[in-house]
Each structure stands twice: as structure tokens, then as C-alpha cells.
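A.B. asks: Fold the following and give me the result.
(chains A, B, C and D)
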There are 2 protein chains.
Amino acid sequence: MTKPPVTSEPRPEAVLSRRDRVREATLTEIKSIARRHLVEHGVAGVSLRAIAREMGMTAPGLYRYVPGIDALLVAITADMFEELADTVAAADASAPPQDTDLRLHSALRALRSWAITHPAEFSVMFGPSTRLDPEADISPALEAARRFASTFFALCDRLLQEKDIPLPADEEIGPELTAELRSFADTVGLSAHVMQTGAALMLTRCWIRIYGVVCMEVFQHLGFAVNDMEPFFEAELQNLMTGLGVRYLPVEHMGRPVTGTAG
Amino acid sequence: MTKPPVTSEPRPEAVLSRRDRVREATLTEIKSIARRHLVEHGVAGVSLRAIAREMGMTAPGLYRYVPGIDALLVAITADMFEELADTVAAADASAPPQDTDLRLHSALRALRSWAITHPAEFSVMFGPSTRLDPEADISPALEAARRFASTFFALCDRLLQEKDIPLPADEEIGPELTAELRSFADTVGLSAHVMQTGAALMLTRCWIRIYGVVCMEVFQHLGFAVNDMEPFFEAELQNLMTGLGVRYLPVEHMGRPVTGTAG
DNA sequence: ACGCTTAAGTGAACACCGTTAGCAAACACT
DNA sequence: AGTGTTTGCTAACGGTGTTCACTTAAGCGT
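C.D. replies: Numbers count the residues shown, from 1 in each chain, chains lettered A, B, ... in the order given. Below you'll find the model as predicted:
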């Protein structure tokens, strides 16, 4: 870089050379097409050959950008977690910073919203990994999932600080559960407040229930008998909030529903 | 059948001709091998060609028995629901008929037990259907799933008859939820007791939560941070039972754990 | 017991899939 | 201009679901 850039580039595009830029663009295109195929034909419909065909090139050429189909699926899964994290964070940020209750409602409803509008994505993110080789390296997706979870961790942290959440006492939790909760708290790196065993238990319990309703809705397990699962989600949300000592905020009282980055 | 059977056959094998019998045996063999491949290599590892290869025949020959891979997968899914239903029913029956509390504990623990010992099966039964054509006819599996659910419906029915379960009042449920609950109750054909809106809500809420914990465990979503999910399951079970006004029975007090038909 | 009907199974073919190896062209940089 | 790297291609191997035409075998009625 002896010559200064003459072209009117606002940012020097980091330190990426032109080559690296087009390379990155190609990778983005690959992932974008893969994502579309995922949405349109399900995870089974994502294939390197089809992607290459649509890009006007051949399948082996894609191996210059992606080590294989599994890695590509992991990569787009990570992207989707990132997107979901953004959506949830945006919903969280759309509420007044002090109104922790509303922020929590907002974030959880944004999660459900995104899930039901992105069933194919949600399935590969939160369903069983049926397509990937069990020995595939899924760490990129895990990393992104961590960032997604952190929004909720932060909210729970605030909640524990502000309110007097009724937590189960350490004595009544049981040694095995305590051990698992400690392991969990250590691995995900919970903050001091959530580090309490009772708080960690409360957190996982809430997550399990949210996960349950949303999975049930997206995977269509009551689809044959139920048209709209929203009332069930809201019922669960209400029950959850009540158990947390937080007042439940119905949808009507929330103003315009929050729309995330994609919706 | 002019000649009486000389061979020592206890039963006349229904009205099936010899031809139909070997045909049925072949179909059973196909499904059995498919099931094994499912367990050993995941749902993606089930293929007609591999099954045929193992049976010493060619793939097109299988089309005399099964209309395609999708129908085969649906068929074994139905079988698996049948098996799970048997397992749960056996656990239920292993408790004293009058002890509804214990029967419920037993049945739910049997469900989890079967799920974690049969993750591949559980994934195709309760996870998103990623492999099947969305237009595939899954009614056989649905029918079997209904029979699986009926065990729990019966238990809830008993519970509602015996105890004074604290049910949410009709007024506080909300019109949309009421409508969905009615639709649900009608479709699955709940008995008179569970027909009450509050009871149906309680039932679905419980099911959602059980579904949530078990899915979370089988799909390994906390697997990176938690070794054993049993304490979480038991915590959820306890919380659930308490909410139902039923006393929670810890595992230790239950005697030898119940083993189902497979496991 | 013989002939006819029907079912079972095969081989070839088509259209897909992931992946590897070897090669030619384009590009960046000295 | 020459050199080395990057990119993309073709060919090929082994795998998949599925259809079609065909042969073989079994069962059934007379």
C-alpha cells in the first residue's frame, strides 16, 4: 500500500484485497442461495450441485469456497442464529431500557414470531440434526447460538437485580440438579446473579417451556387439531411470567408489535 | 380348505394364504432393516437400495412391497408410535390401577426413558419432518400417534374424576384460546371430563412442557453444557405435578424402574 | 396334471446427489 | 514478462429414488 487510494472509498474496505472481496462476495452468494433453497425445499433440498447450477458454475468449483455440504449447512446455520439474535435484540431494544418486563415480553414474542415465519431455519437450528454427519464441526453455529442466548441472559440478569423473583432455595434443589446447574452456569458463563443455583434453575426451566411451545408450533405437532398456536404461546408466557413474579402484559397493551430485521 | 390341516398349526394364521404370509414376512423384514438403518445411521441413512442390498435383492423389487421411500418411512414411524404406546401403556399398567398418581409418573418417565434410548426414532416421530415430501400421506403415523396419546388422555380423565384439580375458570381463558381448545378437544375426541375448556388447557400445557424437556434432551440442545438431563426432567415433572395438585413421587420411592417392551 | 393368470424380482436407464483428481485458464505480483 | 497462486472445469466413482420392460416362478382352476 505505497500508493494512497485515489478512488472515493469511504472506508478502505478493511485490509481486504480486491481478490478477497470478490471471494467473500461469492461465498455470500453461495450461502444466500443455499438459504433460499433451504426455505423453499427444506434442508433435504439444499445441494451443492443445485447451488452451483444456479450460479452458472459446477459443483466441484464450490469446493474452493466451502469444504463440503456439511460445512455449508453449519455456516448458514450460524448466520441464521446471528439473524435471530439480531431480531431478538432489536425487539428488546425497541422497548424502554428501564421496562425490563416489557423487554422480556418483546424478546420472547420476537423469538416466536421469527420461528413461525422461518420454520425451515428454525428446524435446522433447534431440531435434531438429521442431515449432518455426527462428527461434523458445528462450533461456528454453537458460537452464534451463544450470542443469541446472551440476550436472554442479560435480561434475566436485569430481572434478578431489579425484582425479588421467588427462587427455589438451594436446599430443595437436590445434589444432581445442583451439579448440572453449576456445570451449565460455568459453561455458558453466566453472570454473578444468574450464578445462583436457584436462578439458573429458574432460567433453564423458563427456556425449556418456551422452547417447548415454539417447537410444538413450528414442528406442527398439534397442527392437525389446532389452527393457531398463538393463544397457547401467550398462555404459557402468562403462566411463566406469573411464576416469575412478573406481571403479564397482553399483546393488546403493547402497542404496535415489534418487527425484527427479517419478518 | 376341504382338507383339514394336518400340520400342527395352533392357529390357521387368520385367513391369510401362504402367499400373503410370505409377503407380509418380507414387508416385516424390510421395515425391520429400515428401522435398524435408522438407528445406526440416522434417518438420512435409510435407503431402499441399501435395504435391498442387505436382503439380497435389488431396489426396484422393493416397490412390490412399498410405494416408495416416503411411505416406508411413514410406515416405520407408525410402528414406532405403536411401540412407544405399548411401552407407555406397560409402564402405566405396572402400577396399581387405583394409584393414578403413580401411574402418571410411571407413564411419563417411561416416555422419557424410551425417548432417550431411542433418539433416532424419537427425532423422526417428534422432530420436524425434514426428509418427507410435505405432500406425503402421513395418516398411518398420525393414527398410531393418536393411540399413543390416548394413554395419557385416559390418565388425565381419571385424574380429573378423582381429584379436585385446580382448573382455570372459563372466563379467564380468553375467546381465541377457548376456540382453539374446543377445536382440539373435538378433533382428538376427548372424553367428557377433559372436554371442559380448563381441563383441555391444563392437559395441553402439561404436554407442551413434557414435550419441551424431552425434546431438549434428545435433540441435545443443552448437551454442550449439561451431562445428564434427568434432574431437569424430574424438576419439570415435580413442578408440573405440584401445579396439578398431585403430590410428586421421587424416583427413589418408586421401587424398581419400569422397563418397557424395548429398552 | 396341465395351462393360464398373476405376482415377484431383475437389469437397464434416467436424473439426481457429494466428493476427488487432474488440468487449463485467469489473475496478481514481482 | 514471467511466475506462482487462485479459480473453475471435466471426468470419474459411488451413492440415491424411481420407472419400464422383461423373465421367472408360484398359485389356481379345471
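
A.B. asks: Return the set of buried residues in the helix or strand harbouring residue A:182.
C.D. replies: Counting by DSSP states H and E, the secondary-structure element that holds residue A:182 is helix A:175-188. Buried residues in helix A:175-188, counting neighbours by 16 or more other Cβ atoms under 10 Å in any protein chain shown, are found at A:177, A:178, A:179, A:180, A:181, A:183, A:184, A:185, A:188. For every residue, glycine as well, the C-beta is placed using N, CA and C.

A.B. asks: by contact count, what packs against the helix or strand just after that helix?
C.D. replies: Tracing the chain past helix A:175-188, the next element assigned as helix or strand by DSSP H and E is helix A:197-218. Using 3 or more Cβ pairs under 8 Å, 6 or more residues apart in numbering or on different chains; DSSP states H and E as the contact definition, the elements that helix A:197-218 packs against are helix A:100-117, helix A:119-126, helix A:139-162, helix A:175-188, helix A:230-244, helix B:197-218, helix B:230-243.

A.B. asks: how does it look with 7 Å?
C.D. replies: Helices and strands in packing contact with helix A:197-218 are listed as helix A:100-117, helix A:119-126, helix A:175-188, helix A:230-244, helix B:197-218, helix B:230-243; criterion 3 or more Cβ pairs under 7 Å, 6 or more residues apart in numbering or on different chains; DSSP states H and E.

A.B. asks: Can you check what angle separates the second one from helix B:197-218?
C.D. replies: Regarding helix A:119-126 and helix B:197-218, their directions subtend 60 degrees when assessed with axes from the mean of the first three to the mean of the last three Cα atoms, to 10 degrees.

A.B. asks: Report all helices and strands that helix A:119-126 contacts.
C.D. replies: For helix A:119-126, the contact count by 3+ Cβ pairs under 7 Å, 6+ apart identifies helix A:18-41, helix A:69-94, helix A:197-218 as packing neighbours.

A.B. asks: pull the CA atoms of the shortest one into PDB?
C.D. replies: These are the backbone C-alpha positions of helix A:197-218, laid out as PDB (Å, rounded to 0.1, in the frame of the first residue of the first chain):
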ATOM      1  CA  THR A 197     -28.300 -22.200  41.600                       C
ATOM      2  CA  GLY A 198     -32.000 -21.200  42.100                       C
ATOM      3  CA  ALA A 199     -31.700 -18.600  39.400                       C
ATOM      4  CA  ALA A 200     -30.100 -20.900  36.900                       C
ATOM      5  CA  LEU A 201     -32.800 -23.400  37.600                       C
ATOM      6  CA  MET A 202     -35.500 -20.800  37.000                       C
ATOM      7  CA  LEU A 203     -33.800 -19.700  33.800                       C
ATOM      8  CA  THR A 204     -33.500 -23.200  32.300                       C
ATOM      9  CA  ARG A 205     -37.000 -24.000  33.300                       C
ATOM     10  CA  CYS A 206     -38.300 -21.000  31.500                       C
ATOM     11  CA  TRP A 207     -36.200 -21.700  28.500                       C
ATOM     12  CA  ILE A 208     -37.400 -25.300  28.300                       C
ATOM     13  CA  ARG A 209     -41.000 -24.200  28.400                       C
ATOM     14  CA  ILE A 210     -40.600 -21.500  25.700                       C
ATOM     15  CA  TYR A 211     -38.600 -24.000  23.600                       C
ATOM     16  CA  GLY A 212     -41.500 -26.500  24.100                       C
ATOM     17  CA  VAL A 213     -44.300 -24.200  22.900                       C
ATOM     18  CA  VAL A 214     -42.400 -22.900  19.900                       C
ATOM     19  CA  CYS A 215     -41.100 -26.300  18.800                       C
ATOM     20  CA  MET A 216     -44.600 -27.700  19.100                       C
ATOM     21  CA  GLU A 217     -45.900 -24.900  16.900                       C
ATOM     22  CA  VAL A 218     -43.200 -24.900  14.300                       C
END
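
A.B. asks: average model confidence for that helix?
C.D. replies: The predicted model gives helix A:197-218 an average pLDDT of 95.

A.B. asks: Could you give the separation of that helix from the chain centroid?
C.D. replies: When C-alpha coordinates are averaged (Cα atoms, centre = their mean, to the nearest Å), helix A:197-218 and its chain have centres 14 Å apart.

A.B. asks: how far off helix B:230-243 does the lowest-mean-pLDDT helix or strand in chain A point, in degrees?
C.D. replies: Sorted by mean pLDDT, DSSP states H and E, the helices and strands of chain A end with helix A:175-188, the least confident at a mean of 91. Using the same axes, to 10 degrees, the interaxial angle of helix A:175-188 with respect to helix B:230-243 works out to 120 degrees.

A.B. asks: ok, back up a step: so of the helices and strands packed on helix A:119-126, which one's packed in deepest?
C.D. replies: Most buried of the helices and strands packed on helix A:119-126 by mean neighbour count (mean count of other Cβ atoms under 10 Å in any protein chain shown) is helix A:197-218; its value is a mean of 22.

A.B. asks: Contact partners for the residue of the stretch 101-250 of chain A found nearest chain B?
C.D. replies: The shortest separation between the stretch 101-250 of chain A and chain B is 2.2 Å, found at residue A:212 (distances taken as Cβ to the nearest Cβ). Residue A:212 is in contact with B:208, B:209, B:211, B:212, B:215, counting by Cβ atoms under 7 Å, 6 or more residues apart in numbering or on different chains.

A.B. asks: Let's see that with 8 Å instead.
C.D. replies: Residue A:212 makes contacts with A:236, B:208, B:209, B:210, B:211, B:212, B:213, B:215, B:216, as judged by Cβ atoms under 8 Å, 6 or more residues apart in numbering or on different chains.
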